[in-house]
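>>> Sharing a model that was predicted from the sequence below.
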Amino acid sequence: MISIILCSYNGAHKIERTLNSIISQETSFPWELVFIDNNSNDNTFLKAKSILEKSGIDFRVEHFSIPGKMFAFWHGISISKYDILLDCDDDNELFTDYLENGLMILTQNPNVGALGGLGILPYEHVPNWFNQFSKSYALGPQGKHLEVLPKFDHLYGAGCFYRKPILVSLRDKGFRSLLSCRKGDELSSGGDVEFCHAIQLSGMDLMYSESLKFYHNIEIKRINFDYYLKLKRGISLSFPILLSYRIHNFDSAFDFKKHLLLNLYLVIKGLIKIFILPKKSYSSMVDSVVVKTKFLAFFKNYATAVSGFRKNKTLFQ
């Protein structure tokens, strides 16, 4: 009934807890684990295989040489057996009822195309800035329990269920992720947001449940403000590509281009504000990184955003 897709790059040092939480799932239905070693240069493949061979669960472990989480995830989709998919990151430790609760909610809500859970940090002592920005780490609530999310909202990919027929139908129509998500040690992202936008444009809903809980075993070195700024830089590198999904807001590519130029104008205003009124707060430092990154990303991604808009108009109209 459920295929868990776990993509890992150099995750040998952290996958044991994740795999043990998967092996320990308490379910009343069949499921499988598809483990994708995404171009690692450590012993991720061998360690995963060694653990899983002793587990007794239905699994497969595969090499996938193209860097990028979304590329590896699509490969996992192509070889999965079941119609419900779970995106499990290699540092996610699922509660034992995760699969059981997820299938129950999806069965009761047939129009939900993606269902997100609650990422929990397994330790309490964090820097005073962390809680303000923790959602960027795939932590905390993602909406109201079992309520449909608003249009163009999104779920973080960690611990997210998807209906495979929707994603396969999108692929067969020509949908391709414009963003790769994590690629090696790069912190680029946005592929999970694309999935959510495409699912909503296909007429399906997004939902969050607080009953779907997992520990997000974030390495301590990542709970560092300099790392967080790099993370925000990676997130902002997607600008303005994700705007290409706002197909119902604009009648033509010409109107969309005008909207992009308006966004560039707002970014430039933000740059001016940063230089004229510099501040030292955590929020202002984050804003500074975001606006500077968006300014550079605009020129790199402008053509991709316009072509993406044209394609999305064709796919979803």
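Structure's in. What do you need? Here the structure is a predicted model, which is why all the values come from computation and not from measurement. Numbering: from 1, shown residues only.
>>> Would you mind giving the secondary structure of the residue nearest to residue 43 when sequence neighbours are not counted?
In this structure, residue 43 finds its nearest non-sequential neighbour in residue 12, 5.0 Å apart by CB to CB, 6 or more residues apart in numbering. Backbone N, C-alpha and C define where each C-beta goes, glycine included. Of the three states, residue 12 takes coil under DSSP: H, G, I helix; E, B strand; the rest coil.
>>> Now do the contacts for residue 12.
40, 42-44, 47 (CB atoms under 8 Å, 6 or more residues apart in numbering).
>>> Identify the farthest-apart pair in those.
Farthest-apart pair in the contacts of residue 12 is 40 and 47; separation 9.9 Å (CB to CB).
>>> neighbours around residue 52, how many?
20 (other CB atoms under 10 Å).
>>> Doesn't residue 5 belong to a helix?
No. If the criterion is three-state DSSP, then residue 5 is strand and not within a helix.
>>> Show the contacting residues for residue 168.
With contact taken as CB under 8 Å, 6+ apart, residue 168 is in contact with residue 77.
>>> From residue 69, how far out is it?
19 Å (CB to CB, to the nearest Å).
>>> One more: residue 248?
For residue 248, the distance to residue 69 (CB to CB) stands at 28 Å.
>>> who has more neighbours, these two?
Neighbours per residue, other CB under 10 Å: of residue 248 and residue 69, the larger number sits with residue 69, 26 against 11.
>>> Would you list the phi and psi of that one?
phi -60, psi -40 (degrees, to the nearest 10).
>>> Quickly note the distance from it to residue 228.
Note on residue 69: its distance to residue 228, by CB to CB, is 19 Å.
>>> State which helix of the chain is the longest.
helix 282-316 (DSSP state H).
>>> roughly how far is that one from the heart of the chain?
17 Å (CA atoms, centre = their mean, to the nearest Å).
>>> Output stretch 240-249 as CSV, nothing but the C-alphas.
Extracted in CSV, the C-alpha atoms of stretch 240-249 (Å, rounded to 0.1, in the frame of the first residue of the first chain):
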residue,chain,number,x,y,z
PRO,A,240,11.5,33.7,-9.3
ILE,A,241,11.0,30.2,-10.7
LEU,A,242,8.2,29.2,-8.3
LEU,A,243,6.1,32.2,-9.5
SER,A,244,5.7,30.3,-12.8
TYR,A,245,3.0,28.3,-11.1
ARG,A,246,0.7,31.3,-10.7
ILE,A,247,-0.9,30.6,-14.0
HIS,A,248,-4.4,31.8,-13.1
ASN,A,249,-3.1,35.3,-12.1
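>>> quick one: contacts of that stretch?
Under CB under 8 Å, 6+ apart, the answer for stretch 240-249 is 152, 178-179, 190, 193-194, 197-198, 201, 256, 259-260, 263, 294, 297-298, 301-302, 304-306, 308-309, 311-313, 316-317.
>>> Also stretch 281-298?
129, 132-133, 225, 228-229, 232-233, 236-240, 260, 263-264, 267-268, 270-271, 274, 278.
>>> Show me what counts as buried in that stretch.
The neighbour-count check on stretch 281-298 (16 or more other CB atoms under 10 Å) flags 282, 285-295, 297-298 as buried.
>>> Repeat that for stretch 228-247.
228-229, 231-247.
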